[in-house]
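*Asks:* Build me a model from this:
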Amino acid sequence: MDRELPAEVIRRSKIKKFATAAAVAAFLLVCYLVLQALITPSLKRSKIRTSVAERGMIEATVSASGVVVPEFEQIITSPISSTIEKILLRSGDSVKADQSILQLNQEQLQLSYEKLIDELKVQKNRKKQLSLDTEKKQIDLKSSHEIKKLQTQFVQSQYDRAKRLNEIGGATSEELERAALNLDITRRELNQLASQIENQETSLQVALEGLDLQISIQENRINEIRRQIALAEGRAGRDGIITFVNENIGSPVSSGDIIARVADLSSFKIEASISDIHADKLKPGGLVKVRIGDVNLSGRISSIRPAVQNGIMTFMVVLDNKSDKVLRPNIRADIFVVTSYKDNVIRVENGSFYDGLVDQEVYIVRGDRAIRKIVDIGVANFDYVEIQGDIAEGDEVIISEMKKYRHMDEVEIEND
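*Replies:* Residues are numbered from 1 along each chain as shown. Purely as a prediction, here's the structure:
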């Protein structure tokens, strides 16, 4: 009858098997490393890209992303709360300046307009009636003033006569005093009429100015309604292409809602975004390189939006060639903001060999061999990388990825 083995025996057996397996694995690893050291690896000439080191200028840049947008785009908004009544043109259609794209329901606007016109007529009629009434009163007052002036002259002559008679004894002092009193009363009445005429003219002027102000306010309201009626016809401000139009006939729109967009596709700009860690490198007028596919364009930063959203800043780029044939709305672009530049440096084309490190290994082609060298990386941009160290002008540098050969000082290059 079989007996169960003691636990200590089983444990020792497992340890022995594990140690044996570990020893075999270590032996195989050592063999592999030895073979790797003894055998010089090789790579096909057709599988690598090289660049000849040259002396020249290189610009330091920071990368951003961008979208091509029309340089001029009109956003047409609803001037009132209304509904869409008619669609005259659709997205993609060409439009001329002052041509209607769509129409909003204008019934309420027309009613308001007609009401304001009637009120304006009433105010103008009130002004005319006030002028006529005041003019009539002025005529009556001036007529009374002229009569009173004549009366004053007559009383003045009576006073002068009484005074002469009094001097020769032909009239008593009482008669002279009575004549003087009549003259004073008549003069006061004459002055009173003159004051009434002046006060009435001032009152008329104030009343007319008040009515003129009301009329001006009313006319401004009417002009605003006219402006809203014109805007309700959704007219384009310039020639262009319709990029958006709300085509939902009968749907309600609120005041300020976008109902159409018109773009001038003859010139473009770039709306770019970049991490806010590069905020100090952005400045209006700063040089920018733009790459769309294989086409390179240049431009400058025109404006920088102060707001930062989720760590992203937005800035606008004005291109030197705003009408290049590669430019199309909404296509993506690679943006490189130039922060500085260095002249007379050793540079090679940028490639997958560059991993962003300052100290890096590169391979130089020497006949049928690739020789490893440790170099320093200086300024880099999308096109070029500055190499400092044991690299001379004219050296052929492999710019393909060579990570799997990093442990090798030399790699054989095979011709295809």
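*Asks:* Would you mind measuring from the residue of the chain most remote from its centre to residue 183?
*Replies:* The outermost residue of the chain relative to its centre, with distances by CA atoms, centre = their mean, is residue 169 at 100.6 Å. Separation of residue 169 from residue 183 (CB to CB, to the nearest Å): 22 Å. For glycine as for every other residue, the C-beta is placed from the backbone atoms N, C-alpha and C.
*Asks:* now swap in residue 225 and tell me
*Replies:* Here the criterion is CB to CB. By it, residue 225 lies 63 Å from residue 183.
*Asks:* before we move on, what about residue 315?
*Replies:* Counting by CB to CB, the gap from residue 315 to residue 183 is 89 Å.
*Asks:* More neighbours: those two, which one.
*Replies:* Neighbours per residue (other CB atoms under 10 Å) separate residue 315 from residue 183, with residue 315 holding more: 24 against 19.
*Asks:* residue contacts, the more buried one?
*Replies:* 272, 273, 274, 282, 301, 302, 303, 304, 305 (CB atoms under 8 Å, 6 or more residues apart in numbering).
*Asks:* That one - that's part of a strand, no?
*Replies:* Yes: assessed with DSSP: H, G, I helix; E, B strand; the rest coil, residue 315 lies in a strand.
*Asks:* Spatially nearest residue to it (excluding sequence neighbours)?
*Replies:* Excluding the flanking residues, the one nearest residue 315 by CB to CB, 6 or more residues apart in numbering is residue 304, at 4.4 Å.
*Asks:* What is the burial count for the one you found?
*Replies:* Residue 304: 16 neighbours (other CB under 10 Å).
*Asks:* where does it land on pLDDT?
*Replies:* Looking at residue 304, its pLDDT reads 93.
*Asks:* From what I see, it and residue 282 are in contact.
*Replies:* Yes: under the criterion of CB atoms under 8 Å, residue 304 makes contact with residue 282 at 5.4 Å.
*Asks:* and for the two, which residues touch both?
*Replies:* With CB under 8 Å, 6+ apart, residue 304 and residue 282 have common neighbours 313, 315.
*Asks:* And the helices in the stretch 1-150 of the chain, which stretches?
*Replies:* Ranges of helices within the stretch 1-150 of the chain are 7-38, 107-168, based on DSSP state H, counting those that start in this stretch.
*Asks:* Ok, which of those helices comes nearest residue 344?
*Replies:* Residue 344 lies closest to helix 7-38 among the helices of the stretch 1-150 of the chain, at 40.8 Å (CB to CB).
*Asks:* Give me the mean pLDDT for the closest one.
*Replies:* In the prediction, helix 7-38 has an average pLDDT of 65.
*Asks:* do stretch 105-125 as well
*Replies:* Per-residue scores along stretch 105-125 average to 87.
*Asks:* what comes up buried for that stretch?
*Replies:* 105, 106, 109, 112, 113, 116, 120, 123 (16 or more other CB atoms under 10 Å).
*Asks:* Contact partners for the closest residue to the third one other than its chain neighbours?
*Replies:* Nearest residue to residue 109, sequence neighbours excluded (CB to CB, 6+ apart): residue 229, at 5.3 Å. Contacts here follow CB under 8 Å, 6+ apart; on that basis residue 229 touches 106, 109, 110, 113.
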